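A.B. asks: Need a 3D model of the sequence below.
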Amino acid sequence: MSITIREKSEITEKNILSPKACLSSESRGRAVYEEPDEIRTCFQRDRDRIIHSQSFRRLKHKTQVFLAPSGDHYRTRLTHTLEVSQIARTIARALGLNEDLTEAIALAHDLGHTPFGHAGERALNEMSPYGFRHYEQSVRVVDKLEKNGRGLNLCDEVKNGILCHTGGQEAYTLEGQIIRIADKIAYINHDIDDAERAGVISEEDIPLELRLKLGMKKSERINNMVTDVINNSIDKIRMSEECYQSFMELHDFMFVAVYRNPVCKSEEAKVISMIKKLYEFYVNNPDKLPAQYIRIVEEEAVEKAVCDYIAGMSDNYSVNTFNRLFVPSSWIK
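C.D. replies: Numbers count the residues shown, from 1 in each chain. This is a model prediction of the structure:
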């Protein structure tokens, strides 16, 4: 009896991956059962669903750190996601873990992020009585919002990795734990790169002691951090104490020099005000929501539906929506 390509892949996983890896053949499965694909493993199938989702495509027009940058080479939420995926896959492969699961989690980890990055997240968190956290919203996107409310029906391991990629509980798979640390490695280094491009800081502004420890340029820092994780991860994914301490010192430097820099945050108050006005408008006028979100009003709560709608907006779409609702149109055509 011949076996399918998927079954061959599952056998290969058992033969070559670490005993600590999460095998696709041993997945906890989906909330709604589906017949296995003949070609792709369950985690490969999840990765493909994520890449083809609308929320994934919208990431290209969502802010990473710099609000609405005019240059072509600044990171967006999409390019950040791709860099996280690359770093995570490198770590997974080196440790003999499941690269397909790792990639699926990485590609989906920020699907629930708001327009204009963490400024938009803070605004919705302040307004909603339920609070708002982008990692929880990312799970909500793949569970409930995608495909006109049907969701993507992803494997439990993928959803758990998405939920646990920042703060709080640790993912129960090592592949999920990789995303949390790959996210940190990616953003600290590409934020430095973007800040240098914007003229906010220069490489020489980074304390020399930190550059000597972590690397004198971006590629060296990424390589050294990734290597440190690989060399220090056994039963859990971790950096060495020395490397993590240096990372935290670099993070503290970036908070002062970039993340709280008035030059970088000059437009943030406007963004927060805009998001709050959009929220108030739709809470008071739920009939103006698209049909998909009106269903959520009926099934759950208007505040949930409004957060879902606004969080799904790209930067440009949120500005255009605000202008349509609050800025008078010219009478001259």
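A.B. asks: got a list of what Ile181 touches?
C.D. replies: Ile91, Val229, Ile237, Arg238, Met239 (CB atoms under 8 Å, 6 or more residues apart in numbering). From N, CA and C alone the C-beta is placed, and that goes for glycine too.
A.B. asks: okay, which residue is most central for the chain?
C.D. replies: Nearest residue to the geometric centre of the chain (CA atoms, centre = their mean): Asp110, 2.1 Å.
A.B. asks: if we can go back for a sec, Asp37: which of the contacts of Ile181 is nearest?
C.D. replies: Ile91 (26.5 Å; CB to CB).
A.B. asks: Relative to Glu242, how far out is that closest one?
C.D. replies: To Glu242, Ile91 is 18 Å away according to CB to CB, to the nearest Å.
A.B. asks: Could you do Arg47 as well?
C.D. replies: 34 Å.
A.B. asks: Out of those two, name the residue with the larger neighbour count.
C.D. replies: A count of neighbours by other CB atoms under 10 Å puts Arg47 above the other of Arg47 and Glu242, at 25 against 11.
A.B. asks: How much space separates that one from Val142?
C.D. replies: 12 Å.
A.B. asks: Over to Arg324?
C.D. replies: From Arg324 to Val142 the distance is 29 Å (CB to CB).
A.B. asks: Would you mind listing where the stretch 51-200 of the chain has pLDDT under the threshold?
C.D. replies: Along the stretch 51-200 of the chain, the model assigns pLDDT under 70 to residues 67-71.
A.B. asks: Which secondary structure state does Arg89 sit in?
C.D. replies: Using DSSP: H, G, I helix; E, B strand; the rest coil, the three-state assignment for Arg89 comes out as helix.
A.B. asks: Contact partners for it?
C.D. replies: Counting by CB under 8 Å, 6+ apart, Arg89 has contacts Glu99, Thr102, Glu103, Ala106.
A.B. asks: How about residues contacting the helix or strand where the last one lies?
C.D. replies: The reference is to Ala106. Take DSSP states H and E as the rule and Ala106 turns out to sit in helix 99-108. With contact meaning CB under 8 Å, 6+ apart, helix 99-108 is reached by 22, 24, 41, 43-44, 46-47, 50-51, 56, 81, 84-85, 88-89, 91-93, 138, 142, 154, 157-158, 161-162, 165, 173, 175-176, 178-179, 182.
A.B. asks: in that helix, what's buried?
C.D. replies: Of all the residues in helix 99-108, those buried under the rule 16 or more other CB atoms under 10 Å are Glu99, Asp100, Leu101, Thr102, Glu103, Ala104, Ile105, Ala106, Leu107, Ala108.
A.B. asks: Could you export those residues to a markdown table, including columns for distance to His134?
C.D. replies: Formatted as a markdown table, these follow (distance: CB to CB, whole Å):
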| residue | distance to His134 |
| --- | --- |
| Glu99 | 25 |
| Asp100 | 24 |
| Leu101 | 21 |
| Thr102 | 20 |
| Glu103 | 20 |
| Ala104 | 18 |
| Ile105 | 15 |
| Ala106 | 15 |
| Leu107 | 15 |
| Ala108 | 12 |
